[in-house]
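[1] return atomic coordinates for the entry below.
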Amino acid sequence: MGIDGENDFVFNNRTVICATSASLISTLAGYPLDSIKSRLQTDRSIKSISSCAHKVWSQEGFRGFFRGVWIPLWSISAVRATSFSIYTKSRDLLAKNTSVKPIDLPFTALSGLLSGLPAGFIISLASAPFELIKINRQLEFQIASSRGLVYRDLGTIGSGRDIIKKHRGAITGLYTGLRLHMMRDSFGTGLYFSIYDSLKWLTRSNPNHNLNKLPPQVAAFLGGATAGISSWLLVYPVDVVKIVVQQRMLSELPPKSPKEILVHLVRGSNPDLPPRPLLIGIGKLYRGLGVSASRSTLAHGLMWALYESMMGRIEEEHASALDRDMKIAKNTSRLV
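    Residues are numbered from 1 along each chain as shown. Predicted coordinates for the structure are as follows:
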């Protein structure tokens, strides 16, 4: 393949290339915070982010923060590349076949939401088993300790086998919590793209906007961080319930319905005690949100900064190549 062929290949596949590359780096950077978040959501004895980090460091060492990183490193990167591709195609189809075009702020927000929903739904079907294995890897030391067992590092493949074994040998065990996973990813992805596209439209429609005075990478970082935090805030309770459902299966505890878990989290699980005040109970649904917000700020801000930077460079190189080709063609025609 010649230089022109390589340029065309990169340009035609720029969404996948940029999304995969940016996701690999941002996932690795944010993984320790994601690991702490999972522990905070499931271990009620841990009171703060710092105490959780100290506990992981003292009991598991540096490796504990990156336990199970290989699954999300590659699966999340593949998922995001697929998500961006589905989103882009859905947005183009909407603009072509409906009146939903990013011509103003309301339509831009609606376009992002409607294009992101199918992207989130489709990728959740593929990513659910990988995320469950990741959670099992993050919590396996904690689960073994709580059950008085000697911890054994099973590795990623061994962890998948262990989940199937705990689910009476059925491969469906890898899809424990699937409906909650689909709900979280569908609405979360739709909200995510809707918020990012809206912020991008706002800044680009107003040349004097403060974000336009910042370097493009910084503006993209702030937009990605805001979209990540905002969308996560709205779907976070679903994620908490999902992880508790999955943790009970991984700990081989009797299953509970999402409704039971939600009621217990909000109102308390001890029938001999009066129900928690509603506001305190709702606060329980947002346990670990601080570390999730930090992770989202870092991971999504970094991802969009890298994505927009690489996308701009590829499009610039492609435009330069086309310009060179046109000049060569003109010079050739003059000679003839």
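
[2] how far is the host helix or strand of residue 54 from where the chain is centred?
    Assigned by DSSP states H and E, residue 54 falls within helix 49-60. A distance of 24 Å separates the centroid of the chain from that of helix 49-60, by C-alpha atoms, centre = their mean, to the nearest Å.

[3] okay, and residue 265 sits in which element?
    helix 258-267.

[4] show me what that helix is packed against.
    helix 216-250, helix 278-285 (3 or more C-beta pairs under 8 Å, 6 or more residues apart in numbering; DSSP states H and E). Placement of C-beta: from N, CA and C, glycine included.

[5] Throw those into CSV and include mean neighbour count, mean pLDDT and distance to residue 197, thanks.
    CSV is the format used below for these (neighbours: other C-beta atoms under 10 Å; pLDDT from 0 to 100; distance: least, C-beta to C-beta, whole Å):
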stretch, mean neighbour count, mean pLDDT, distance to residue 197
helix 216-250, 21, 90, 9
helix 278-285, 13, 82, 28
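
[6] kindly reformat these as TSV containing distance to residue 186.
    Shown next, in TSV, are the helices and strands packed on helix 258-267 (distance: least, C-beta to C-beta, whole Å):
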stretch	distance to residue 186
helix 216-250	9
helix 278-285	19
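
[7] between the ones you listed, which one is closest to residue 107.
    helix 216-250 (17.7 Å; C-beta to C-beta).

[8] show me what that closest one is packed up against.
    When contacts are defined as 3+ C-beta pairs under 8 Å, 6+ apart, helix 216-250 packs onto helix 14-42, helix 105-146, helix 155-166, helix 178-205, helix 258-267, helix 278-285, helix 289-335.

[9] quick one: low-confidence ranges for the stretch 101-250 of the chain?
    211 (pLDDT under 70).

[10] could you check how far residue 266 is from residue 42?
    To residue 42, residue 266 is 17 Å away according to C-beta to C-beta, to the nearest Å.

[11] these two: which is more packed in?
    More crowded of residue 266 and residue 42, by other C-beta atoms under 10 Å: residue 42, with 24 against 19.

[12] does the more buried one touch residue 140 like I think?
    No: using C-beta atoms under 8 Å, residue 42 is not in contact with residue 140; the gap is 11.6 Å.

[13] what's the neighbour count on residue 58?
    9.

[14] can you count the residues close to residue 40?
    By other C-beta under 10 Å, the residues close to residue 40 number 22.

[15] how about residue 170?
    11.

[16] contacting residues around it?
    Residue 170 is in contact with residue 164, counting by C-beta atoms under 8 Å, 6 or more residues apart in numbering.

[17] where's residue 89 relative to residue 129, distance?
    Distance from residue 89 to residue 129, counting by C-beta to C-beta: 25 Å.

[18] repeat for residue 7
    For residue 7, the distance to residue 129 (C-beta to C-beta) stands at 37 Å.

[19] average pLDDT across stretch 312-330?
    Here stretch 312-330 scores 81 as its mean pLDDT.

[20] my error: substitute stretch 20-31 in the last question.
    Stretch 20-31 comes out at a mean pLDDT of 87.

[21] what's near enough to touch residue 278?
    When contacts are counted by C-beta under 8 Å, 6+ apart, residue 278 touches residue 266.

[22] residue 293 is in contact with residue 30, correct?
    No: using C-beta under 8 Å as the test, residue 30 is too far from residue 293 to be in contact (11.3 Å).

[23] neighbour count winner among those two?
    residue 30 (25 against 20).

[24] around residue 141, how many other residues sit close by?
    Residues near residue 141, counting by other C-beta under 10 Å: 18.

[25] how about the one 4 residues further on?
    A count of neighbours around residue 145, defined by other C-beta under 10 Å, yields 13.

[26] for it, which non-adjacent residue is closest in space?
    residue 151 (7.0 Å; C-beta to C-beta, 6 or more residues apart in numbering).

[27] roughly how far does the one you found sit from residue 246?
    19 Å.

[28] please apply the same query to residue 47.
    On the measure of C-beta to C-beta, residue 47 and residue 246 end up 23 Å apart.

[29] endpoints of stretch 272-280, how far apart?
    Start to finish, the residues bounding stretch 272-280 are 18 Å apart (C-alpha to C-alpha, to the nearest Å).

[30] isn't residue 229 up against residue 297?
    Yes: contact criterion C-beta under 8 Å: residue 229 and residue 297 qualify, at 6.3 Å.

[31] for residue 243, see how far away residue 94 is.
    Distance from residue 94 to residue 243, counting by C-beta to C-beta: 33 Å.

[32] and if you look at residue 270?
    Residue 270 sits 21 Å away from residue 243, going by C-beta to C-beta.

[33] kindly report the same for residue 154.
    From residue 154 to residue 243 the distance is 20 Å (C-beta to C-beta).

[34] go on, residue 120?
    18 Å.

[35] go on, residue 153?
    Taken as C-beta to C-beta, the span from residue 153 to residue 243 is 21 Å.

[36] same check, this time on residue 138
    Using C-beta to C-beta, we find residue 138 at a distance of 10 Å from residue 243.

[37] shared neighbours of those two, anything?
    residue 38.

[38] good, wrapping up.
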